[in-house]
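Peer 1: Prediction below, plus the sequence it came from.
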Amino acid sequence: MRKRRVAVLISGAGSNMAALIDAGLAPEAAFEVVLVVSNIKGAGGLAVAEAKGVAAVAIPHVAFAKDRAAHEQAIDAALKAHDVEMVALAGYMRVLTPWLVGAWRGRMLNIHPSLLPLYPGLDTHARAIAAGDAEAGCTVHGVTEGVDEGPILGQVRVPVLPDDTPSSLAERVKTAEHQLYSRVLHAVCNTLD
Ligand code: GRF
């Protein structure tokens, strides 16, 4: 079966993006990452993608001042220029407008470092520790208009250990994220028309 063409949107280091690129190279993978887009010019993930031979472009939101629509139209144009069929948000730190969400409805996923619906937004690990939770984890969900909402497509749970700090917990969750995202993306791509 033909691999589905995936773009990954990032703002930072892009470790999930790198894991998706690597997973997409497996012969049995239902997807391949063909494009990485960052809204931050010097995002570390851009160089990582290039080193792996994947097209990587910065489309900085600052260049569009407050015109969110124009910024998203530029992103959408890049996705179309690369014949992208599915979009994976991976540490993309901009809230999308309903226009881009609507344009990619059913074809856009996000990964979040908590067991949604617990702890949407930022500082998830600190919040889980402060709450005394015994378990944390990560979620891949379909993207809808609400931040970190949308149908939950997969989760992985990890223990919260007694001496965890937000960064030690983040590291454990991140390892789980790298497994979960490619598994869910593979499954979703297998269901596309
Ligand atoms: C991940 O924890 C992801 O769940 C969240 O942002 C972080 C991105 O990390 N949305 P990386 O850039 O993939 O390393």
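Peer 2: That came through fine. Numbering: from 1, shown residues only.
Peer 1: Quick check, the residue in the chain closest to the ligand?
Peer 2: The ligand sits closest to Gly91 of the chain, with a gap of 2.6 Å, by C-beta to the nearest ligand atom. Backbone N, C-alpha and C define where each C-beta goes, glycine included.
Peer 1: Quickly find the element holding that residue.
Peer 2: For Gly91, there is no enclosing helix or strand under DSSP states H and E.
Peer 1: got a list of what the closest residue to it other than its chain neighbours touches?
Peer 2: Among residues not flanking Gly91 along the chain, Gly12 sits closest, at 5.0 Å (C-beta to C-beta, 6 or more residues apart in numbering). Going by C-beta atoms under 8 Å, 6 or more residues apart in numbering, Gly12 touches 40, 43-45, 91, 93.
Peer 1: that's a helix at Gly12, yeah?
Peer 2: No - Gly12: not assigned to a helix; according to DSSP: H, G, I helix; E, B strand; the rest coil it is coil.
Peer 1: hang on, the earlier thing: pick the one among the contacts of Gly12 closest to Arg68.
Peer 2: Nearest to Arg68 among the contacts of Gly12: Met93, at 13.8 Å, using C-beta to C-beta.
Peer 1: I'd guessed that closest one sits against Ser11; true?
Peer 2: Yes - Met93 lies in contact with Ser11 (C-beta atoms under 8 Å); the separation is 4.1 Å.
Peer 1: So which of those two has more stuff around it?
Peer 2: Counted by other C-beta atoms under 10 Å, Met93 and Ser11 do not tie: Ser11 has more neighbours, with 18 against 14.
Peer 1: I'd say the more buried one and Gly91 touch.
Peer 2: Yes - proximity of Ser11 to Gly91 meets the contact threshold set by C-beta under 8 Å, at 5.7 Å.
Peer 1: can you list the residues of this protein near the ligand?
Peer 2: The chain comes close to the ligand at residues 10, 12-17, 90-91, 111-113, 174, 177, as judged by C-beta under 6 Å from any ligand atom.
Peer 1: Most neighbours out of those, which is it?
Peer 2: Busiest of the residues of the chain next to the ligand [other C-beta under 10 Å] is Met17, holding 31 neighbours.
Peer 1: Which helix or strand contains it?
Peer 2: Met17 belongs to helix 15-24, assigned by DSSP H and E.
Peer 1: quick one, what contacts Arg68?
Peer 2: Contacts of Arg68 (C-beta under 8 Å, 6+ apart): 61, 97.
Peer 1: Let the chain start at 842 from now.
Peer 2: All right, first residue 842 from here; so that's Arg909.
Peer 1: Which pLDDT value belongs to it?
Peer 2: On pLDDT, Arg909 comes in at 95.
Peer 1: same check, this time on Trp945
Peer 2: The model's pLDDT for Trp945 equals 98.
Peer 1: buried residues in whichever strand or helix holds Ala1028?
Peer 2: Element membership for Ala1028, per DSSP H and E: helix 1007-1032. Within helix 1007-1032, the residues that qualify as buried are 1010-1011, 1013-1014, 1017-1019, 1021-1023, 1025-1027, 1029-1030, counting by 16 or more other C-beta atoms under 10 Å.
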